[in-house]
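>>> predicted coordinates and the sequence they were generated for:
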Amino acid sequence: MHDNANANSLTAVHDHHGEAHAAHNPALLHHFAEPQQQRDAASLGMWVFLGTEVMFFGGLFCAYLVYRQWYFGDFGAASKSIDATLGATNTAVLICSSLTVVLAVWAAQTARRTLLISMLAITMLLGLVFLGIKAVEYKDKFEEHHVPGASFSFENVPIPGHPGQFANPRHAQMFFSLYFVMTGLHALHMIIGLGIFLWLFIMAWKGRFTPEWHTPVEIGGLYWHFVDIVWIYLFPLLYLIDRHP
Amino acid sequence: MYFGIWATLLVCTYLTYKLAFIELGRFNAAVALGIATFKATLVALFFMHVWHAREKLTKLVVIAALFFLLLLLGLTMSDYATRLWS
C-alpha cells in the first residue's frame, strides 16, 4: 500500500535527478559510475559468454579428437571426400569478414558513419557467402550419400597411405556425424551473427552510434571474431586430416 | 595495423592449406594445429583488442576459458590414452 508521501518523494527524487541529468552522458546507465566502467562491464559480459561458448564447442572438439584417435584411417578417408579448397576459401572469407568487423568498430570509434555502415554491410555479405559455400558443400555430401542416416553409404573407399585397405563405413559415418554437427552448430552461430549484424546495421543507419557510445558494435564484433576463431580450428581438423597420400 | 594482421592471417591460411598436401608424417597435425593456434591468437589479441585491453579482468577471462578448455581436452585425452593397458 503506497501512501502519498512515498509517491511524492519518489517524484521528488526523479525531479532532482532530472536536473542532474545534464551532468552525465544520456547513454550512461544509472547503475554505473562512469562511461568507461559501463563499457568494461559490457565487454566483460560478452567475454564471459564467449567463455561459455568455448566450452560449448570444446565438448564437440573433444569428442572429435577422441574418435579421430580411434578411427584415424577411416577419418582420413572421410576427410578426403570433403572439398579442402572450398574449406580454405571459407576460411579466407571469414578472415576478411573479421577485418571488416574490426574496421567497423574503428569507424564507430571515430564517428565515420558511412564507413561503419558499409563495413557492417560487407561483413554480412561475407557471412552470406560463407553460408552459401557451406550449402554447396552440404549439397555435395547429400548427393554422395555421406549424410549419416538410413541412406548413408561409404563403400570401398581406400584409406589414404594404406593401399588395399578400405575404410569402415560405420567409422566413417562417425566422422560425418561430427562434421555435420560441428559445422552445423558453427553455421547456426553464423546465422545468429548475421541477425545481430543486421540489427547493428539498422542502428548504424539510424545514426545511433557515436564515439561516446557504440558498445553494441564492439561486443557484436567480439562475437563475430569468436565465430571466426572456431572456424579457424574447424578447418584444419575436419578438412586437412590426411591429404598427403 | 589491422591490414597487416589480416594479410598475415591469409598467408597462414594458405600455408596451412599447402602444407597439408606435403608428407610430414606425424608433424602434419602438429603444424596444422600450430598455425591454427597462431591465427586464433592473432585474432584474439589484435582483432578482439585483448592486447590493448585496459581491464585486466578481460585477459583473466580469456586465460580462464583457455585453461578450462585445455583441462577438458587434456584430461579426457589422457584418460583414453591410458586405457587398454593389456
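Structure's in. What do you need?
>>> tally of neighbours for the closest residue to B:Val61 other than its chain neighbours?
Excluding its sequence neighbours, the residue lying closest to B:Val61 (Cβ to Cβ, 6 or more residues apart in numbering or on different chains) is A:Trp47, at 4.5 Å. To be clear about C-beta, it is placed using only N, CA and C from the backbone, and glycine gets the same treatment. Neighbourhood size, A:Trp47 [other Cβ atoms under 10 Å in any protein chain shown]: 24.
>>> contacts only, for A:Trp47.
A:222, B:58, B:61-62 (Cβ atoms under 8 Å, 6 or more residues apart in numbering or on different chains).
>>> show me which of those residues is closest to A:Asp242.
Distances from A:Asp242 to these, taken as Cβ to Cβ, are shortest for B:Val62 (32.2 Å).
>>> let me know the secondary structure of the closest one.
B:Val62 carries the three-state label helix when classified by DSSP: H, G, I helix; E, B strand; the rest coil.
>>> do you know how far it is from A:Tyr233?
The gap separating B:Val62 from A:Tyr233 is 16 Å, by Cβ to Cβ, to the nearest Å.
>>> can you check B:Thr41 too?
12 Å.
>>> now A:Ala78: closest residue in space that isn't a chain neighbour?
Using Cβ to Cβ, 6+ apart and skipping the chain neighbours, the partner closest in space to A:Ala78 is A:Phe175 (3.8 Å).
>>> wait, isn't the one you found in contact with A:Phe72?
No: applying Cβ atoms under 8 Å, one finds A:Phe175 not in contact with A:Phe72, separated by 10.5 Å.
>>> the more surrounded of these two?
A:Phe175 (27 against 16).
>>> which is the next helix or strand following whatever helix or strand the more buried one lives in?
Assigning secondary structure by DSSP states H and E places A:Phe175 in helix A:169-205. Later in the chain than helix A:169-205, the nearest helix or strand by DSSP H and E is helix A:215-239.
>>> what's that next one packed up against?
Packing partners of helix A:215-239 (3 or more Cβ pairs under 8 Å, 6 or more residues apart in numbering or on different chains; DSSP states H and E): helix A:35-70, helix A:84-109, helix A:113-143, helix A:169-205, helix B:2-19, helix B:27-42.
>>> any chance of those in CSV, with mean pLDDT too?
As requested, the helices and strands packed on helix A:215-239 are exported to CSV (pLDDT from 0 to 100):
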stretch, mean pLDDT
helix A:35-70, 92
helix A:84-109, 94
helix A:113-143, 95
helix A:169-205, 95
helix B:2-19, 91
helix B:27-42, 87
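>>> so how far is B:Ala20 from the nearest residue to B:Leu24 once chain neighbours are set aside?
Distances taken as Cβ to Cβ, 6+ apart place B:Val31 nearest to B:Leu24, at 6.3 Å, with adjacent residues excluded. From B:Val31 over to B:Ala20 the distance is 9 Å, taken as Cβ to Cβ.
>>> A:Val93 against A:Leu126, yeah?
Yes: using Cβ under 8 Å, A:Val93 makes contact with A:Leu126 at a distance of 5.3 Å.
>>> returning to that earlier point: and the helix holding A:Phe175, how far out from the chain middle?
Here helix A:169-205 is found 7 Å from its chain centre; the criterion is Cα atoms, centre = their mean, to the nearest Å.
>>> same question, stretch B:32-49
On Cα atoms, centre = their mean, the centre of stretch B:32-49 falls 6 Å from the chain's centre.
>>> ok so, going back, who's more crowded, B:Val31 and B:Ala20?
B:Ala20 (22 against 17).
>>> quick one, phi/psi of the more buried one?
The phi and psi values for B:Ala20, taken as degrees, to the nearest 10, are phi -60, psi -20.
>>> check contacts around it.
A:84, A:236, A:239-240, A:243-244, B:28, B:32.
>>> excluding chain neighbours, what is closest to A:Ala63?
A:Leu178 (6.6 Å).
>>> make sure the one you found is actually in contact with A:Gly59.
No: the pair A:Leu178 / A:Gly59 is not scored as a contact, 11.6 Å apart, by Cβ under 8 Å.
>>> neighbour count for the two, which is higher?
A:Leu178 (21 against 14).
>>> from A:Ala167, how far out is the more buried one?
15 Å.
>>> cool, and B:Ala81?
B:Ala81 is 23 Å from A:Ala167, by Cβ to Cβ.
>>> try A:Met124
For A:Met124 relative to A:Ala167 (Cβ to Cβ), the value is 39 Å.
>>> A:Glu34: how many residues sit nearby?
11.
>>> and the residue lying closest to it once chain neighbours are set aside, what are its phi and psi?
Computed as Cβ to Cβ, 6+ apart, the closest residue to A:Glu34 that is not its neighbour in sequence is A:Leu28, at 7.2 Å. Backbone torsions for A:Leu28, taken as degrees, to the nearest 10, come to phi -70, psi 120.
>>> okay, now the domains of chain B?
Here the domain parsing of chain B from automatic domain parsing is B:1-50, B:53-86.
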